[in-house]
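S.K.: fold the following and give me the result.
(chains A, B, C and D)
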4 protein chains.
Amino acid sequence: MKYIEFDQSREMDIILLGRVTIDFNPLDYYKSLVESETFRKYVGGSPANIAVGMARLGKKCGFLGKVSDDQFGRFVVEYFEKEGIDTSRISKCEHGEKLGLTFTEILSPTESSILMYRNQAADLQLSVADIDEEYIKNSKALLISGTALAMSPSREATLKALQFAKKNNTKVIFDIDYREYNWASRDDMAIYYSIVAHQSDIIIGSREEFDITEALLDPGRDDHTTAKYWCDQGSRIVVIKHGKEGSTAYTYDGNDYSIKPFPVKALKGFGGGDGYASSFLYGLLEGYEIIECLEMGSAQAAMLIASHGCSADMPSAEAVKEFIRESKEKYGDMVARA
Amino acid sequence: MKYIEFDQSREMDIILLGRVTIDFNPLDYYKSLVESETFRKYVGGSPANIAVGMARLGKKCGFLGKVSDDQFGRFVVEYFEKEGIDTSRISKCEHGEKLGLTFTEILSPTESSILMYRNQAADLQLSVADIDEEYIKNSKALLISGTALAMSPSREATLKALQFAKKNNTKVIFDIDYREYNWASRDDMAIYYSIVAHQSDIIIGSREEFDITEALLDPGRDDHTTAKYWCDQGSRIVVIKHGKEGSTAYTYDGNDYSIKPFPVKALKGFGGGDGYASSFLYGLLEGYEIIECLEMGSAQAAMLIASHGCSADMPSAEAVKEFIRESKEKYGDMVARA
Amino acid sequence: MKYIEFDQSREMDIILLGRVTIDFNPLDYYKSLVESETFRKYVGGSPANIAVGMARLGKKCGFLGKVSDDQFGRFVVEYFEKEGIDTSRISKCEHGEKLGLTFTEILSPTESSILMYRNQAADLQLSVADIDEEYIKNSKALLISGTALAMSPSREATLKALQFAKKNNTKVIFDIDYREYNWASRDDMAIYYSIVAHQSDIIIGSREEFDITEALLDPGRDDHTTAKYWCDQGSRIVVIKHGKEGSTAYTYDGNDYSIKPFPVKALKGFGGGDGYASSFLYGLLEGYEIIECLEMGSAQAAMLIASHGCSADMPSAEAVKEFIRESKEKYGDMVARA
Amino acid sequence: MKYIEFDQSREMDIILLGRVTIDFNPLDYYKSLVESETFRKYVGGSPANIAVGMARLGKKCGFLGKVSDDQFGRFVVEYFEKEGIDTSRISKCEHGEKLGLTFTEILSPTESSILMYRNQAADLQLSVADIDEEYIKNSKALLISGTALAMSPSREATLKALQFAKKNNTKVIFDIDYREYNWASRDDMAIYYSIVAHQSDIIIGSREEFDITEALLDPGRDDHTTAKYWCDQGSRIVVIKHGKEGSTAYTYDGNDYSIKPFPVKALKGFGGGDGYASSFLYGLLEGYEIIECLEMGSAQAAMLIASHGCSADMPSAEAVKEFIRESKEKYGDMVARA
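M.R.: Numbering: from 1, shown residues only, chains lettered A, B, ... in the order given. Next up, the predicted model:
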């Protein structure tokens, strides 16, 4: 059963809105960031990673965001163009704002932390003047990353894009993508996350992220109550993630579908979520059954945590399917099929 | 017919949220503000005026706002207390922010302008930490003034209060109260006005104010389309004002009720709207027929533009009714009764 | 003996740099500002008052400052023009900054306080782009008010004007004019006051103001040590004021000259200092003996505290001299002549 | 002849005040920063480099500055401690400010550019509360880097340190170290550079840097006029650098001493200045003849541009002397001895 219908007549598959940064991952990892001496630079930021991920899976992606007016900004745009992502709506900052930076500390395959440079970050300078109704109208879907809501003027740019998406039947996917940085308070998170969630067709988040979203509405919900509430508000699919326990997609008809993580030798503890979203959304756009979407998402998540980069290591659809096939041979099925 | 039901078991009739300022009205008026030399100080700001207005009409009002930590802040609190308004949720600014000031220029009975001091205004410092669910839960209604949405942190405090009001069935009255000052862009107005309007039980605004609210949704609507849209979103009553042409209340059942302004010898061109809101909401809380609410609102509006102050000249319910009686004798009925 | 020589060939007598505000003095005074209801508006701010004071005494004054782009800004410029002050270097703020306001609380003839509106004050927006070497070169003297140093960009504009004055032999008069508002710390005051004091020909301040100026250099000096230090740095005259005890002018040759306050029935406790500076500097520019300058300064100070306004009540030179004559008849000589 | 006498009884040789950052130099250089993929991290920032430089030469150095409260801040402190630099006056930022970053673009041995992250940089958060008279009193010298003057609160912290140095006869070395970033205007540079230069015992800068410093005083000076002016104001030594043309030290007695750059195979175009300052100041502290100081400075400059890092590649005194000996054998004397 198809839980969501995209307008197939539209040229663009999906617009990714929000954060694009530079990731610096240490080459001499499994030590503290104090000690790591050499770093490799990658395009990063959750929606940017998903843009690359979905482009490599074969989808037509557009990025709606703001970059610095310097070599790093040019690096992002050139990288996106090489990947076939539409960059016509990426504009440059005009007051010296810089791309956000993420220095990752990889202490072990499972312990990571990040050191973020987000003061006057370029992505948060996205403004209402950058949002153009025609562009949104011509896309099947719009993915909103929660970090775009952290500060003005990006916050209002995002809410404007949301209004245009609703008005034009562009499906709204809300990836909560909680990052504490830049937010004034947890109440602010609850306010803006819930404003967007109330109008989203698909919501993706961890249990903690839904807790933050619901903090002023009704704190302490379990997954079923959460899923039912948002479906009652109009969502079609609510995906709740539980890390190593796997994840579940709840659908508006009251069903739910669960998937376990694929076993893999992890190199680092981050990047999986962006791989997950890329394949899951790819599957939905392709019209796959939801359980297949989950399987691909889970597989791509596993592939990503086994690699050094995020954007740079996004696989093709064939590679994801091959990985699933091989994993099943080795470990059996991950899907809890009813 | 009653278009809105308030929970009569609650102690507080209405909470007014937002702007409280000091008005300085010239005593030597009908000249430019450059030339006016002496001024009289009043408590001002639309929701503050309505608080005084409704308190004098006999309603139990609470004010939710922020004042400066100086003599002017004390003046506001002492004045409110003298009027019987609950001031338990008025807090003081902690970083030297000052009450907004409004110097009015009264050029003629119909031409006015204002010179506003709104840089780091105290009222806009209202923050999420000031918003308390119990207080909102114990009130029949919450009036949100649009100026409270102009900037953070007041914007988020207002959205938090809105969430608590919706959750607890406290009726939400949205007085758009458009003031250009402090807003970053017209898109921002459209975004936040419409977020609040979508969740309001009663919306009050001029044609221009609804145009701003609808600018991203569907610009250029006529009054009937506007009223139908917001009633479809959940509003019970939509009041659209046309200045000297009078005003109309549109109800969710598709009816509309119109009123003309009462003839009066005006002293100044402002203050009428706050008088209108005071009596209109008073009538609804009293359970009057909607046409009577409009008649009282229109009458009190007329009384206000004939006086020098705003808050200081708010009348009692008896005085409003007496004014209506006298006016009808002189000029006939203002109501376009079906 | 003449302690300071002005270049008599220059057209302008003195440029006043810095603060211009609006004063609102209560008409119903001798009560708290919470209770005062009516106010009279005046041009205010120490250097603005001195500009009016010296213009009325017959000197050619220019004002170097920034005003708001509104009716109050126009009021200041029109008022100055009426007084014959050159306003060619007064520019308008471009980002909505407002003139500072001072609401005075007159509790008794000797107890006063003030409520200042100084957030984003227009005068503090004076910037380096507003400072023009030719203008300073054509004036005999430049008066710098210490409040102009409280924040950037006014701070740098003032330091630029100081460099041009030193370079062009325009005599520098530093009126410390300590106001706590807008300063980040007492160390900042000590730093910038002392930078300017080190380059001033005349320094005027109270004992407390010199203590602040010397806080990092050598705290706890007595008046003689203070005067000797600054004269060693290049000052010609150092005036130290002790309120009701009178004031003393210390000269670079090691002499000192003292004056007592003139007895007067005071209406308010402020404004005297600006009257003092006006006549004292007038006397120096006229080439009077220093003791005569002090006598006129002290007389004008007395006249000012007996009146309701500051700028509006500045006297002519004849009136000051007449006041001295009458006072001497009644009370005898104020001067401690050696 | 000794041009400057340090108080040899003091424990600390020199305090370095100001900028400490992280440098990321590309490992795959001689290409654009858009293309460079891997980077090596170093402690950077001119005064930090000089601190490491002088510590390796054997001097007792203290660093007066502010670092981020994160892994990079810890990296700096640990690195300094390993080098024997006193870190007791390095404090941590409290509001999330981050260490400045410098990504270097090495296009060729002579063409470089930098991409700086300086928004809310930690070093510029140094405040007056961090400046302690005892610390400065116990050091022979204080080096002020011009970038510390770019913004408040670091600007005032620097001016406070300057007052304490002058008061306690700690010799002041002003390294103009012009970086456009963070300055509001060129007038601001002229104002603050000249305030510090007027009170410095030694000034080091390029011709361009002296031009900026003198822009309001007397633009367009030649080197001799510049040197004479600052020596008249109290400087003992004025060093003016002309890149490949070499540099000259002008002394207060009217003499001047010139040096040419040592021939070297450069890897990159930056870092030489910090090597120069390290050895030049080392020589002065050791009581060497000024021409020897220049020779060592020039030699160490050459050694630095031949290496990948700055701080990490600072040599010992023996290595500098060995380099001079070898260079002379190959290329002859660099010194223009009278």
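S.K.: what about whichever strand or helix holds A:T158 and chain B, touching?
M.R.: Using DSSP states H and E, A:T158 sits in helix A:154-167. Yes. For helix A:154-167 and chain B, the contact criterion (Cβ under 8 Å from any Cβ of the partner chain) is met by A:E156, A:L159, A:K160, A:Q163, A:F164, A:K167. C-betas here are computed from N, CA, C, even on glycine.
S.K.: can you narrow those residues down to the ones near chain D?
M.R.: Counting by Cβ under 8 Å from any Cβ, no member of these is near chain D.
S.K.: out of these, which end up buried?
M.R.: Buried members of the residues of helix A:154-167 next to chain B, counted by 16 or more other Cβ atoms under 10 Å in any protein chain shown: A:E156, A:L159, A:K160, A:Q163, A:F164.
S.K.: number of residues surrounding the residue in the stretch 51-200 of chain A that chain C sits nearest to?
M.R.: Residue of the stretch 51-200 of chain A nearest chain C, by Cβ to the nearest Cβ: A:H95 (14.5 Å). A:H95 sits with 8 neighbouring residues when counted by other Cβ atoms under 10 Å in any protein chain shown.
S.K.: a helix runs through it, doesn't it?
M.R.: No. Applying DSSP: H, G, I helix; E, B strand; the rest coil, one finds A:H95 to be coil, outside a helix.
S.K.: element containing whichever residue of the stretch 151-300 of chain A sits closest to chain B, please.
M.R.: As assessed by Cβ to the nearest Cβ, chain B sits closest to A:D187 within the stretch 151-300 of chain A, at 3.8 Å. Element membership for A:D187, per DSSP H and E: helix A:186-197.
S.K.: and whatever helix or strand comes next after that helix, what does it pack onto?
M.R.: Downstream of helix A:186-197, the next assigned helix or strand under DSSP H and E is strand A:202-206. Secondary-structure packing of strand A:202-206 (3 or more Cβ pairs under 8 Å, 6 or more residues apart in numbering or on different chains; DSSP states H and E): strand A:171-175, strand A:237-241, helix A:272-286.
S.K.: excluding sequence neighbours, find me the nearest residue to the residue of the stretch 201-338 of chain A at minimum distance from chain D.
M.R.: The stretch 201-338 of chain A approaches chain D most closely through A:A312 (9.7 Å), counting by Cβ to the nearest Cβ. Leaving aside its sequence neighbours, A:A312 sits nearest to A:Y42 (Cβ to Cβ, 6 or more residues apart in numbering or on different chains; 5.3 Å).
S.K.: what kind of secondary structure is the one you found in?
M.R.: A:Y42 - assigned by three-state DSSP - is strand.
S.K.: any idea how far A:Y181 is from A:G100?
M.R.: 9 Å (Cβ to Cβ, to the nearest Å).
S.K.: do A:K167 as well
M.R.: Distance from A:K167 to A:Y181, by Cβ to Cβ: 31 Å.
S.K.: hang on, the earlier thing: show me which residues of the helix holding A:D187 are buried.
M.R.: Going by neighbour count (16+ other Cβ under 10 Å), the buried part of helix A:186-197 is A:D187, A:D188, A:M189, A:A190, A:I191, A:Y192, A:Y193, A:S194, A:I195, A:V196, A:A197.
S.K.: rebuild those as JSON lines, extending it with pLDDT.
M.R.: Shown next, in JSON lines, are the buried residues of helix A:186-197 (pLDDT from 0 to 100):
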{"residue": "A:D187", "pLDDT": "98"}
{"residue": "A:D188", "pLDDT": "98"}
{"residue": "A:M189", "pLDDT": "98"}
{"residue": "A:A190", "pLDDT": "98"}
{"residue": "A:I191", "pLDDT": "98"}
{"residue": "A:Y192", "pLDDT": "98"}
{"residue": "A:Y193", "pLDDT": "98"}
{"residue": "A:S194", "pLDDT": "98"}
{"residue": "A:I195", "pLDDT": "98"}
{"residue": "A:V196", "pLDDT": "98"}
{"residue": "A:A197", "pLDDT": "98"}
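S.K.: quick check, nearest of these to C:H224?
M.R.: Set against C:H224, the nearest of the buried residues of helix A:186-197 by Cβ to Cβ is A:D188 (59.2 Å).
S.K.: grab the nearest non-local neighbour of that closest one.
M.R.: Once flanking residues are discounted, A:D188 sits nearest to B:E156: 5.1 Å by Cβ to Cβ, 6+ apart.
S.K.: buried ones in stretch A:207-225?
M.R.: Neighbour-count burial for stretch A:207-225, counted by 16+ other Cβ under 10 Å, picks out A:R207, A:E209, A:F210, A:D211, A:I212, A:T213, A:E214, A:A215, A:L216, A:L217, A:R221.
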